[in-house]
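Asks: Got a predicted structure here, sequence first:
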Amino acid sequence: MKVCIMCGGEGTRLRPLTFERPKPCIPIVNKPSIQHLVAHLSHLGFTEVIVTVGYKGNAVQEALGDGSLFGVEVTYVPEKIKLGTAGSVKNAQEYLGDTPFLVVGGDHVTDIDLLAFYRDHLRSDAIASIALLSIDEPCEFGIAEIDIHYHIKRFKEKPSPGEIFSNLASTGMYVCNPDIFDYIPPQTQYDFAKNLFPMLMDQRQVLKGWLARGNWTDVGSPRSLRQAEQWELNDIGYTQIKGDLTVKGANIVGPVDLGHSISVGENSQIIGPVSIGSGVVIRENVLIGPYTSIGDRCVIGPDTKIFSSSLYNGITVGRSTTISGSIIDNDVVIGDACNIENETVIGPRTVIKNNVVIHAGTRVWPEVIIPDHSVVKEHLLNEAFETQCNGS
């Protein structure tokens, strides 16, 4: 079975995390998120994987290789210009055009049974099926109205208040028949939700909805990224020690996934589910709470507390600092007695001096230096990088 994974977007909504990597390569539990997606698809039997690549596509290819580690065969189709979602799939037509195929976004994190979705489409008379999920905030998605036969009667992309006739949101996961390519213009920016689906409905083509059950996100915000990591951390079923571990009077309550060459200091506490990479040094009296991931080569100073946060690689944290519900990118240095509040995102190579408070929901661009005793209440940008953080 074939699946097309769209990996062309720039991920501007997740800056500063996407300045140096595409969105599908943002780490979730210490590995690129697209690896979680491909492993899930492979488990379901989707072994012919066609990946459309655009922004920083080389990173996607490095993350997946030829697919053999995941039990799949990967073909990469580059986009020289932005083609939109449907245009991107049209660009890969030569690899998809002979059988029905699944379409997913490279930034999707899900445990939904997409094999059941695929089989349901094969039993229908629809040219395309859309996986729908009931959500609380449908304004950010395309919404659909279905009849008793699950045929889609109305479809609206990102409705405004007063236009929300349903809370069934499109997940951006579709199963399409090959003849759908007849309706997509070549080498043109063309989207499934904005262009293709309304046109097919105008032409009275059958679109079917499939009511999905399970976890799904397109990782469109730091909050959804943290949620996706919590789902993956919940899959850690037991404590696993991959290499040598030095523990001096510390307490580790699983499940915890531990890499190579980890040192945990006296009286420190680690409460799972937690994932810790290789070469990590955790000093004395450190508390690491559930739903935290720490990457490789990090040093966590004494008396520090970390709760439900994602620390990437090469991060140094000083003494008596608290990090809550935040995402810290590579090679950040955080000083003593700092407080990094919930939903903060810190870009790579940032230096945060001592006694700094960063308010909740704040983003700090790469390579910013924050002086001692600062109170950061709004985004700190670096003019060496683009400043927009909305869009794709």
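Replies: Perfect, I can see it now.

Asks: only C-alpha atoms for contact and neighbour calcs from this point on.
Replies: OK.

Asks: Tell me the pLDDT of the residue nearest the centre of the chain.
Replies: The C-alpha lying nearest the average C-alpha coordinate of the chain belongs to V219 (C-alpha atoms, centre = their mean; 4.1 Å). In this model, V219 is scored at 86, pLDDT.

Asks: Check N390 too.
Replies: 66.

Asks: Tell me which residues are up against stretch 302-309.
Replies: Residues outside stretch 302-309 that contact it (C-alpha atoms under 8 Å, 6 or more residues apart in numbering): 226, 282-293, 317-327.

Asks: Among the residues you listed, which are located in strands?
Replies: Among the contacts of stretch 302-309, the members found in strands (DSSP state E) are I282, L287, I288, T292, S293, V317, T322, I323, S324, I327.

Asks: remind me, longest strand of the chain?
Replies: Determined from DSSP E, the single longest strand within the chain is strand 168-176.

Asks: Show me what secondary structure element comes after that strand.
Replies: Downstream of strand 168-176, the next assigned helix or strand under DSSP states H and E is helix 197-202.

Asks: Need the three-state assignment for L69.
Replies: helix (DSSP: H, G, I helix; E, B strand; the rest coil).

Asks: meant to ask about N58
Replies: Here N58 is helix, with the state taken from three-state DSSP.

Asks: could you check the distance from it over to P22?
Replies: In this view, N58 and P22 are 9 Å apart by C-alpha to C-alpha, to the nearest Å.

Asks: And for I180?
Replies: Separation of I180 from P22 (C-alpha to C-alpha): 28 Å.

Asks: neighbour-wise, which of these two wins?
Replies: Using other C-alpha atoms under 10 Å, the more surrounded residue of I180 and P22 is P22, with 27 against 16.

Asks: residue contacts, the more buried one?
Replies: Here P22 is in contact with C7, G9, E10, G11, Y55, K56, G57, A59, V60 (C-alpha under 8 Å, 6+ apart).

Asks: All the helices of the stretch 101-250 of the chain, in order from the start?
Replies: All helices of the stretch 101-250 of the chain, identified by DSSP state H, counting those that start in this stretch, fall at 114-122, 197-202, 222-234.

Asks: Point out the most buried one among the ones you listed.
Replies: Among the helices of the stretch 101-250 of the chain, the stretch with the highest mean neighbour count (mean count of other C-alpha atoms under 10 Å) is helix 222-234, at a mean of 20.

Asks: how distant is that helix from the center of its chain?
Replies: 8 Å (C-alpha atoms, centre = their mean, to the nearest Å).

Asks: what do you get for stretch 232-250?
Replies: On the basis of C-alpha atoms, centre = their mean, stretch 232-250 sits 24 Å off its chain's mean C-alpha point.

Asks: Could I get the CA-only coordinates of it as CSV?
Replies: The C-alpha coordinates for stretch 232-250 follow below in CSV (Å, rounded to 0.1, in the frame of the first residue of the first chain):
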residue,chain,number,x,y,z
GLU,A,232,4.8,9.4,22.7
LEU,A,233,6.2,9.4,26.3
ASN,A,234,3.1,7.5,27.4
ASP,A,235,4.3,4.7,25.1
ILE,A,236,7.3,4.1,27.2
GLY,A,237,6.1,0.9,29.0
TYR,A,238,9.1,0.2,31.3
THR,A,239,12.5,1.6,32.3
GLN,A,240,15.2,0.8,29.8
ILE,A,241,18.9,1.4,30.4
LYS,A,242,20.8,1.4,27.1
GLY,A,243,24.3,1.9,28.4
ASP,A,244,26.3,2.6,31.6
LEU,A,245,24.4,4.6,34.3
THR,A,246,26.0,6.1,37.4
VAL,A,247,23.6,6.8,40.2
LYS,A,248,24.6,8.2,43.6
GLY,A,249,21.8,8.0,46.1
ALA,A,250,19.2,9.2,43.5
